[in-house]
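Asker: Return a 3D structure for these sequence lines:
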Amino acid sequence: MDTLRTFRTGSGSEGKFHSLPALAEQGFPNLSRLPVSIRIVLESLLRNNDGLKVTEGDIRNLAAYHAASPGDFEIPFVVARIVLQDFTGVPLLVDLAAMRSAVHG
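Answerer: Now for the predicted structure:
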């Protein structure tokens, strides 16, 4: 799937991104109708497509998603970052430390 596109930044350097419109041109015309949450996960699958953990089949399954009949398949979910409200950061770190201690203990 050829979805990698380039763009120029304000400083003149070049950036790259995976384009959902480019994926739509490859046989998935209804991507713009998908819920935003599904499109975000789909972009993640495109970024992490390595043929092992995330495959083109995973991308095709999610790109063909229909809410009325969601299908029976698993989606590999690769977390790049977690966005939280500022005041929840400390309890989260405490929870992560407790889970780490439980695993090592």
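Asker: the longest helix in the chain is where?
Answerer: Assignment by DSSP state H gives helix 89-104 as the longest helix of the chain.
Asker: Which positions within that one qualify as buried?
Answerer: By neighbour count with 16 or more other Cβ atoms under 10 Å, helix 89-104 contains no buried residues. Any C-beta I mention is one placed from the backbone N, CA and C, and that applies to glycine too.
Asker: Distance from the chain centre to it, please.
Answerer: Mean C-alpha position of helix 89-104 versus that of the full chain (Cα atoms, centre = their mean, to the nearest Å) differs by 25 Å.
Asker: Kindly report the same for stretch 38-47.
Answerer: With Cα atoms, centre = their mean, you get 3 Å for stretch 38-47.
Asker: was I right about residue 65 contacting residue 75?
Answerer: No - counting by Cβ atoms under 8 Å, residue 65 does not reach residue 75; the two are 9.3 Å apart.
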